[in-house]
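> have a look at this prediction, sequence included:
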Amino acid sequence: MDTTASEHRDFVWIVRYLAVAGVVAGLWWWGTRILGPWLIEQAYRGESLGVLNDVLAGRATTPLEAYLTDWSFFTRIGDGLLVLIALSGLVGGFFRVGARFSVAHQRMADREAGQREARLRPLETIGAAASIGLVTGALGGGYVATVGFGFGLIAARLRDISLDILWMSPLADAGIFVGAALILVVLGLAIPAVRARRLQLILLLALAVFGTLTLLERLYPYAAALLAIAIGLHAGRWLSAYWEDGVRRWLGRAGIAIAVLVPLLAAGMGLGGGVARQRALAALPPAPVGAPNILLLILDTVRSQNTSIGGYERPTTPALERLAGQSVVFDRAIAPAPWTLPSHAGMLTGRYNVELGTAFSRGLDRGVSTLPEYLRDQGYVTIASVANVLYATPLFGLGRGFWVFDAHPRSVGQVLRSSYLSMEVTKHIGTWFDDHRNPVLKRADRVNRDFLRRVDQAGGRPWFAMLNYFDAHEPYTPPDPYRTMFTDSDDPLDRLDHDRDYRPEEIEELIATYDGGIAFVDANIGRLMDELERRGVLDNTIVIVTSDHGESFLEHGHLGHAKSLYMSEIHVPLLVRYPPSVPAGLRIPGAVTLRDIPATVLDLSRLGDGGLPGTSLARYWDSGSGSEGSASPRFVAMSELFGRRALVTGGYHLLPDAVRRLYDLDTDPLQLRDVIDTEPTVGDSLATALRELVRTELGRAEGSGRVAESDRRP
């Protein structure tokens with residue numbers, strides 16, 4: 001009776017322990033994955049509680065910088081609770097459950113006593129490790145694919161994924177576990193105790209639990225390790241005791257099943273994708289006779305002021321300078337946002353983010369029409385070859401309407417990036433794998449090759465292609481000789497550290513490697529233009545070259561992008577080439593917005609408006625003067641950053657109301673003199689007039705019916 005009661009109490013204790021651990025982990029996950037990002041966005045809009053805004057802002061310039069540098073304070077609270085749960089599991093396991101064995105516990109102890117010297121042979125150790133790794137990777141890959149692609153809860157560390165994670169993650173984890181098993185086998189040659197079945201299973205299961213726990217965003221390694229040890233200790237003892245009674249057989253079968261499924265999934269997804277592309281190609285309607293090709297080149301993170309086409313003293317863009325002689329160049333093009341997702345979304349939909357509502361963890365609404373969808377319905381083959389696998393991907397809704405979206409290459413580096421456990425392990429040995437060390441998984445030359453390969457498969461149909469080049473994005477690591485093209489250092493700085501106080505010469509070194517990345521992309525654009533000309537299709541191709549946003553190098557206290565709405569982050573290059581309709585060598589000084597790209601494409605290709613908003617940029621050269629944009633405030637370029645909006649028109653740049661800054665870009669291009677401060681009467685009057693233009697723009701967006709509720713105020 002007493003034994004039964006003791007067993008019941010131990011069972012109840014374990015259930016309570018697991019329940020509390022589950023509740024705490026669930027609340028922590030919800031807080032860091034959903035509540036935390038939402039609070040940051042609210043703080044950006046100034047709509048959080050005042051005290052919360054103060055806490056989030058702290059000494060940082062923006063709430064985002066506080067999030068990047070100081071948010072660990074908040075996560076440590078949740079981590080501390082998880083550590084306490086882990087410690088309670090350890091203490092409970094040793095002093096409560098271990099101190100009073102019930103009949104079931106005693107039976108397990110008897111089994112262990114009889115098998116205390118049981119050993120796993122080397123091949124058995126490796127086989128068990130491979131099976132545990134395959135199961136762990138399959139669970140992790142299934143989880144990330146489900147929450148990411150199924151429910152849209154996009155994991156921060158694994159946002160650069162594709163559905164290939166379903167087979168890559170088991171493969172990656174299996175490799176990690178086999179490596180761990182080999183270490184155990186080698187150690188067992190010198191330390192006999194390491195060969196004990198129970199110890200090996202405890203260690204392997206602790207590693208499996210650690211890999212699973214790292215799926216929880218922002219869980220610190222020490223917290224995950226303690227929880228893994230606590231769970232692995234109990235589970236390993238149990239598995240060891242019942243190893244011969246079926247555990248080994250069950251684990252082996254599970255490993256074999258997943259091992260068979262992994263290559264089938266890899267082959268099936270590859271072959272299935274090919275079949276789907278062929279069917280989609282065959283289902284396209286006839287294209288209009290003589291329809292031109294359309295090529296949209298996006299130089300990710302390239303600001304206009306660092307391009308020689310924009311007047312920069314370094315020859316960073318000689319290929320674009322040659323192309324400019326055959327094109328219309330816009331000297332003051334404004335990106336819809338200072339970061340990738342809303343800017344790409346604007347270029348594909350013709351809408352500002354006030355209408356789209358994209359965010360760090362929220363992609364493009366499926367109800368919004370896109371340019372690729374319309375062109376596909378007109379018989380175009382739509383192609384994307386993208387190097388930015390962080391935000392410019394189908395995971396965020398940008399793949400809609402594309403016949404093919406080449407973003408994630410199948411490589412060793414991509415396999416290593418496909419599970420949290422492999423990322424934790426390989427981040428310390430990443431230099432062994434070039435594409436793992438560098439987040440630029442597709443260099444500019446690979447972007448071009450993938451695009452040309454798809455064009456060859458298009459069957460002679462007109463095509464629309466969006467190419468995204470990532471080589472100028474941080475870390476600034478273009479290949480030699482571009483990495484040191486503009487610096488004398490053999491090992492220049494190439495990574496941004498937001499916690500570091502940079503000296504002026506260090507900033508110059510960062511800019512030099514950044515310029516090298518721009519030059520590398522430019523060289524590959526030149527080669528692409530040469531290849532299209534060799535194929536005889538260049539003159540029948542609408543070519544648009546631009547960037548999604550710029551980059552700050554502490555000009556106004558900001559480093560990187562998505563930090564501010566100063567021109568360093570929103571002023572980008574833009575040129576349009578199409579000999580049948582676009583004049584050569586014309587420069588437009590006025591402000592224009594990239595959201596007009598879809599309207600421009602449809603106008604030049606004579607395909608109607610497609611129901612997409614915006615106004616064709618052809619208005620600037622059709623007028624014959626090329627000066628309308630600089631003189632008239634009727635054409636407004638707006639840029640947004642989480643509810644804050646900047647306006648550029650008539651040569652003036654108005655920053656958000658909360659900042660209250662106004663700059664005359666014609667006389668002060670570096671934005672060093674605030675007109676409101678230096679000329680209060682004139683500045684206030686201009687600011688009021690420009691704010692009315694912002695309201696007008698928002699009113700137009702309101703009329704579309706797609707403005708997010710939280711973005712309705714100017």
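Okay, I see it.

> for Leu182, which non-adjacent residue is closest in space?
Closest residue to Leu182 apart from its sequence neighbours, by Cβ to Cβ, 6 or more residues apart in numbering: Ile126 at 7.0 Å. To be clear about C-beta, it is placed using only N, CA and C from the backbone, and glycine gets the same treatment.

> confirm that the one you found sits in a helix.
Yes - counting by DSSP: H, G, I helix; E, B strand; the rest coil, Ile126 falls inside a helix.

> list the contacts for it?
When contacts are counted by Cβ atoms under 8 Å, 6 or more residues apart in numbering, Ile126 touches Val178, Ala181, Leu182, Val185.

> please, a ChimeraX command that selects the buried ones among these?
The ChimeraX command for the buried members of the contacts of Ile126 (criterion: 16 or more other Cβ atoms under 10 Å) is given here:
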select :178,181,185
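
> save the contacts of Ile126 as TSV, and put in secondary structure too.
Listed next are those as TSV, based on three-state DSSP:
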residue	secondary structure
Val178	helix
Ala181	helix
Leu182	helix
Val185	helix
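
> check the contacts of Ile126 and tell me the two furthest apart.
With Cβ to Cβ as the measure, no two of those lie farther apart than Val178 and Val185, at 10.4 Å.

> for Met466, helix, strand, or coil?
The local conformation at Met466, judged by three-state DSSP, is strand.

> so which helix or strand takes in Glu279?
Careful, residue 279 is Arg; it's not Glu. Using DSSP states H and E, the secondary-structure element containing Arg279 is helix 248-283.

> what comes up buried for that helix?
Buried residues in helix 248-283, counting neighbours by 16+ other Cβ under 10 Å, are found at Arg248, Leu251, Gly255, Ile258, Leu261, Val262, Leu265, Ala266, Met269.

> over to stretch 363-370?
Applying a neighbour-count criterion of 16+ other Cβ under 10 Å, one finds Gly363, Leu364, Val368, Ser369, Thr370 buried in stretch 363-370.

> which outside residues touch that stretch?
With Cβ under 8 Å, 6+ apart as the test, stretch 363-370 has contacts from 152, 154, 341, 345, 348-349, 351, 355-358, 395-398, 400-401, 610-612, 706.

> and Ile597, what does it touch?
By Cβ under 8 Å, 6+ apart, the residues touching Ile597 are Leu296, Met347, Gly350, Leu371, Ile544, Thr546, Gly614, Leu617.

> go with 6 Å
With contacts defined as Cβ atoms under 6 Å, 6 or more residues apart in numbering, the neighbours of Ile597 are Met347.

> host element of it?
Secondary structure from DSSP H and E places Ile597 in helix 597-604.

> what is the mean pLDDT for that helix?
Confidence for helix 597-604, expressed as mean pLDDT, is 96.

> can you show me the helices along the stretch 301-450 of the chain?
When assigned using DSSP state H, counting those that start in this stretch, the helices of the stretch 301-450 of the chain occupy the ranges 318-324, 340-349, 353-356, 371-377, 412-416, 420-426, 434-437, 444-456.

> out of those helices, deepest packed?
Of all these, helix 340-349 carries the top mean neighbour count, a mean of 28, counting by mean count of other Cβ atoms under 10 Å.

> who touches that helix?
Taking Cβ under 6 Å, 6+ apart as the criterion, the residues outside helix 340-349 that touch it are 335-337, 353, 356, 358, 364, 368, 370-371, 388, 391-392, 396, 398, 548-549, 594-595, 597.

> and the angle from it to helix 597-604?
Between the axis of helix 340-349 and that of helix 597-604 there is an angle of 20 degrees, by axes from the mean of the first three to the mean of the last three Cα atoms, to 10 degrees.

> how far does helix 340-349 sit from the chain's center?
Average the C-alpha atoms of helix 340-349, do the same for its chain, and the two points are 14 Å apart (Cα atoms, centre = their mean, to the nearest Å).

> okay, the helix holding Ile597 in CSV with CA atoms only?
C-alpha atoms of helix 597-604 as CSV (Å, rounded to 0.1, in the frame of the first residue of the first chain):
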residue,chain,number,x,y,z
ILE,A,597,7.9,50.4,-61.0
PRO,A,598,4.9,48.1,-61.7
ALA,A,599,3.0,51.0,-63.4
THR,A,600,6.1,51.8,-65.5
VAL,A,601,6.6,48.2,-66.6
LEU,A,602,3.0,47.8,-67.7
ASP,A,603,3.1,51.2,-69.5
LEU,A,604,6.3,50.4,-71.4
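
> quick one: it to chain centroid distance?
The offset between the C-alpha centroid of helix 597-604 and the centroid of the whole chain comes to 28 Å, using Cα atoms, centre = their mean.

> Asn388 reaches Asn468, doesn't it?
Yes - with contacts defined as Cβ atoms under 6 Å, Asn388 counts as touching Asn468 at a distance of 5.1 Å.

> SS state for Asp488?
With three-state DSSP as the basis, the three-state label of Asp488 is coil.

> okay, it and Pro342: tell me how far apart.
Noted for Asp488: a distance of 38 Å to Pro342, by Cβ to Cβ, to the nearest Å.

> same question, Trp621
When distance is defined by Cβ to Cβ, Trp621 is 28 Å away from Pro342.

> now the strands for the stretch 551-700 of the chain?
Chain-ordered strands for the stretch 551-700 of the chain, with DSSP state E, counting those that start in this stretch as the definition, fall at 552-553, 559-560, 571-572, 574-577, 586-593, 637-641, 644-649, 652-654, 662-664.

> most tightly surrounded among these?
Taking mean count of other Cβ under 10 Å, strand 571-572 is the most buried of those, at a mean of 28.

> what's the offset of that one from the middle of its chain?
Taking the mean of its C-alpha atoms, strand 571-572 sits 21 Å from the chain's own mean (Cα atoms, centre = their mean).

> before we move on, the earlier item: okay, the angle between the very next helix or strand once past the helix holding Arg279 and helix 597-604?
From helix 248-283 onward toward the C-terminus, using DSSP H and E, the following helix or strand is strand 293-299. Orientation of strand 293-299 against helix 597-604 (the same axes, to 10 degrees) gives an angle of 150 degrees.

> and strand 293-299, what does it pack onto?
strand 463-469, strand 541-546 (3 or more Cβ pairs under 6 Å, 6 or more residues apart in numbering; DSSP states H and E).

> starting at the chain centroid, how far to that strand?
Centre-to-centre, strand 293-299 and its host chain are 21 Å apart (Cα atoms, centre = their mean).

> can you list the strands that it pairs with?
Each strand that strand 293-299 pairs with, and the sense of that pairing, follows from DSSP bridges: strand 463-469 (parallel), strand 541-546 (parallel).

> doesn't Ala444 make contact with Tyr469?
Yes - in this structure Tyr469 lies within contact range of Ala444 using Cβ under 6 Å: 4.7 Å.

> okay, and the common contacts of these two?
With contacts taken as Cβ under 6 Å, 6+ apart, the residues that reach both Tyr469 and Ala444 are Val521.

> grab the nearest non-local neighbour of Thr307.
The shortest distance from Thr307 to any residue that is not its chain neighbour, by Cβ to Cβ, 6+ apart, is 4.5 Å, and that residue is Thr317.

> before we move on, what about Val521?
Tyr469 (4.5 Å).

> so that neighbour versus Leu251, what's the distance?
From Tyr469 over to Leu251 the distance is 46 Å, taken as Cβ to Cβ.

> separation between Gly232 and Ser605?
Note on Gly232: its distance to Ser605, by Cβ to Cβ, is 61 Å.

> try Gly650
In this view, Gly650 and Ser605 are 30 Å apart by Cβ to Cβ.

> OK, contacts around Ala129?
Neighbours of Ala129 in contact, by Cβ under 6 Å, 6+ apart: Phe177, Val178, Ala181, Leu204.

> make sure I have this right: the first one is in a helix.
When you say that, I think you mean Phe177. Yes - membership of Phe177 in a helix is supported by three-state DSSP.

> correct me, but it touches Gly133?
Yes - using Cβ under 6 Å as the test, Phe177 is close enough to Gly133 to be in contact (3.0 Å).
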